[in-house]
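Asker: have a look at this prediction, sequence included:
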Amino acid sequence: MSTTPAPPRASLLLLAYLAFVSLGLPDGLIGVGWPSIRADFGVPTEAVGLVLTAGTAGYLTSSVLAGFTLARLGVGWLLAGSTLLASLALTGYTVSPGLALMIGCALVLGLGSGAIDSGLNAYAAGAFGPRHMNWMHAFFGLGVAIGPLIMTSALSLGLAWRWGYGIVAVAQLALAAAFALSVRAWRDRSRQAIPDAPAAVADAASGPVGSVGVAPTVGTTDADRAAVGTAGPPIARPVPVRETLRLPAVWLGAVAFALYVAIEVAAGLWAFLLLTEARGLADATAGLCVSAYWGSLFLGRVVQGVVAERLGAAQVLRGSLLGMAAGAALIALPAPAWVAVAGLVVVGFAAAPVFPLLTLTTADRVGAAHADRTIGLQIGAAGLGGALVPAGIGVLLGNVSVQALGPALFVLAVGLIALHAAASRRPGVAR
């Protein structure tokens, strides 16, 4: 019995895009809303670090665990529950009487966001092509851009900052309902990606020594796999967790994700300081240049999603990694400001497809049997790298020179190239 061709997936694509918009919205709210929040709570400016730390802790926890629980829950229920959790956390923001409750809500928001991120990335890696994978991540940038507009609009109308979070909480609740209503569609889409049971078992039997089971298809439940298995011999059990954790490619890939996000965040975070203090640009001009960096990241994901679908993910990924190193080298040069700005734009455009394509090619590096778990670990490592490394670069800039930003980005980019090459040269693994 052959696999039935997949039906149109426009509704699932739309939900995936909206989910990534929703991931970006809270990140855009706090930057504009914090001055008002700080004044209401009577806390110092640096207290925002407590909120961000709690959110990061929740994000790391759920993103790692999502990869291990996705096959049991199914992607539809995971997304519905996680989005509902995020909505409840944002509602908690709107009624928080002080900083302590807000920190607790930030932890819950991180738990919901990490599960959404990991769950959708794991599903998309098996169900979406390079174009839609890139476009899905581009919509995260759209959400980050919309967040400040929502908060700014609320404040300009004379409303409290709580209204900004309340609006986003309602949007998250509506999205959670949409996920709950579409659980069957997500499950059916996942079933169609499952090969015939006899072929799957035959592939497992002929696989490399040490293969202990067929890959659990992304986003399916145990019941789904059992239902499909009624057409032939039972599908072999998934590989044990310890087998996944023993693969060097899993950990090399996780570090690669950490380095990638560190480069993306550090370039956007510290570019303004470099351009104003070291390259002599006016504040307004430097601000526009930083906006150009984020704009090139968004545009690159839209454009290169199409390119990757035509040329292949692996080829575009290699070119993008080299492009990031080239852009960082331009930033490192002791040259006029426009050279550094050009380097920023090159880094942004080149970096654009790296995160989605690294996710998309996870199974190529570790084998399909380990892909869900590995993606969860990668997303967690990405959050950790994006929090710790840019902060470390800030310490470097403060103690050495602002000019150290370019060399630091170049070293990270070269390290990313080396890690990706090492992770891609793995021995045979369960597929």
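Answerer: Arrived safely, thanks for sending.
Asker: tell me the mean pLDDT over the lengthiest helix in the chain?
Answerer: Longest helix in the chain by number of residues (criterion: DSSP state H): helix 10-41. Helix 10-41 comes out with an average pLDDT of 81.
Asker: helices or strands up against the next helix or strand after that helix?
Answerer: For helix 10-41, the following helix or strand on the C-terminal side (DSSP states H and E) is helix 48-73. Packing contacts for helix 48-73, counted by 3 or more C-beta pairs under 8 Å, 6 or more residues apart in numbering; DSSP states H and E, involve helix 10-41, helix 75-95, helix 99-127, helix 371-399. For every residue, glycine as well, the C-beta is placed using N, CA and C.
Asker: format those as JSON lines; extra columns: distance to Val170 and mean neighbour count.
Answerer: As requested, the helices and strands packed on helix 48-73 are exported to JSON lines (distance: least, C-beta to C-beta, whole Å; neighbours: other C-beta atoms under 10 Å):
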{"stretch": "helix 10-41", "distance to Val170": "11", "mean neighbour count": "19"}
{"stretch": "helix 75-95", "distance to Val170": "8", "mean neighbour count": "23"}
{"stretch": "helix 99-127", "distance to Val170": "15", "mean neighbour count": "24"}
{"stretch": "helix 371-399", "distance to Val170": "26", "mean neighbour count": "22"}
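Asker: okay, the ones you listed in CSV with distance to Gly164 next?
Answerer: Shown next, in CSV, are the helices and strands packed on helix 48-73 (distance: least, C-beta to C-beta, whole Å):
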stretch, distance to Gly164
helix 10-41, 5
helix 75-95, 9
helix 99-127, 14
helix 371-399, 23
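Asker: Gly55: which of the ones you listed is closest?
Answerer: helix 99-127 (4.0 Å; C-beta to C-beta).
Asker: now do the closest one, average pLDDT.
Answerer: 85.
Asker: give me the number of residues near the nearest residue to Gly312 once chain neighbours are set aside?
Answerer: Among residues not flanking Gly312 along the chain, Pro130 sits closest, at 8.0 Å (C-beta to C-beta, 6 or more residues apart in numbering). By the measure other C-beta atoms under 10 Å, the count of residues near Pro130 is 25.
Asker: repeat that for Ala313.
Answerer: For Ala313, the neighbour count with other C-beta under 10 Å is 21.
Asker: equivalent analysis for the one 10 residues further on, please.
Answerer: Close neighbours of Gly323, defined as other C-beta under 10 Å, add up to 20.
Asker: check which helices and strands the host helix or strand of Gly166 is in contact with.
Answerer: Using DSSP H and E, Gly166 maps to helix 161-181. Packing partners of helix 161-181 (3+ C-beta pairs under 8 Å, 6+ apart): helix 10-41, helix 75-95, helix 130-156.
Asker: report the distance from the shortest one to the chain centre.
Answerer: Looking back up the chat, that one is helix 75-95. From the chain centre to the centre of helix 75-95 is a distance of 18 Å (C-alpha atoms, centre = their mean, to the nearest Å).
Asker: tell me what that helix is packed against?
Answerer: helix 10-41, helix 48-73, helix 99-127, helix 161-181, helix 183-192.
Asker: who's in contact with the helix holding Gly166?
Answerer: 15, 18-19, 22, 25-26, 29, 32-33, 36-37, 40, 76-77, 79-81, 83-84, 86-88, 90-91, 93-95, 147, 150-151, 154-155, 186 (C-beta atoms under 8 Å, 6 or more residues apart in numbering).
Asker: residues in contact with stretch 386-399?
Answerer: Counting by C-beta under 8 Å, 6+ apart, 52, 56, 258-259, 261-262, 264-266, 269-270, 273, 404-405, 408, 412 sit against stretch 386-399.
Asker: now Ala337, nearest residue through space, not along the chain?
Answerer: Spatial nearest neighbour of Ala337, excluding adjacent residues (C-beta to C-beta, 6+ apart): Arg279 at 3.8 Å.
Asker: neighbours around that neighbour, how many?
Answerer: With other C-beta under 10 Å as criterion, Arg279 counts 21.
Asker: what residues does it make contact with?
Answerer: Neighbouring residues of Arg279 by C-beta under 8 Å, 6+ apart: 336-337, 340.
Asker: mind saving the C-alpha coords of stretch 164-184 as CSV?
Answerer: Extracted C-alpha coordinates of stretch 164-184, given in CSV (Å, rounded to 0.1, in the frame of the first residue of the first chain):
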residue,chain,number,x,y,z
GLY,A,164,-0.6,45.9,25.6
TYR,A,165,-0.1,42.5,27.3
GLY,A,166,-3.9,42.0,27.5
ILE,A,167,-4.3,42.5,23.7
VAL,A,168,-1.6,39.9,23.0
ALA,A,169,-3.1,37.5,25.7
VAL,A,170,-6.4,37.6,23.8
ALA,A,171,-4.6,36.9,20.5
GLN,A,172,-2.8,33.9,22.1
LEU,A,173,-6.1,32.6,23.5
ALA,A,174,-7.6,32.7,20.0
LEU,A,175,-4.6,30.9,18.6
ALA,A,176,-4.8,28.2,21.3
ALA,A,177,-8.5,27.6,20.3
ALA,A,178,-7.4,27.3,16.6
PHE,A,179,-4.8,24.7,17.5
ALA,A,180,-7.3,22.8,19.6
LEU,A,181,-9.8,22.7,16.8
SER,A,182,-7.2,21.6,14.3
VAL,A,183,-5.7,18.7,16.3
ARG,A,184,-7.0,16.2,13.9
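Asker: ok now that stretch, how far from the chain's centre?
Answerer: Relative to its chain's centre, stretch 164-184 lies at 19 Å (C-alpha atoms, centre = their mean).
Asker: thank you, goodbye.
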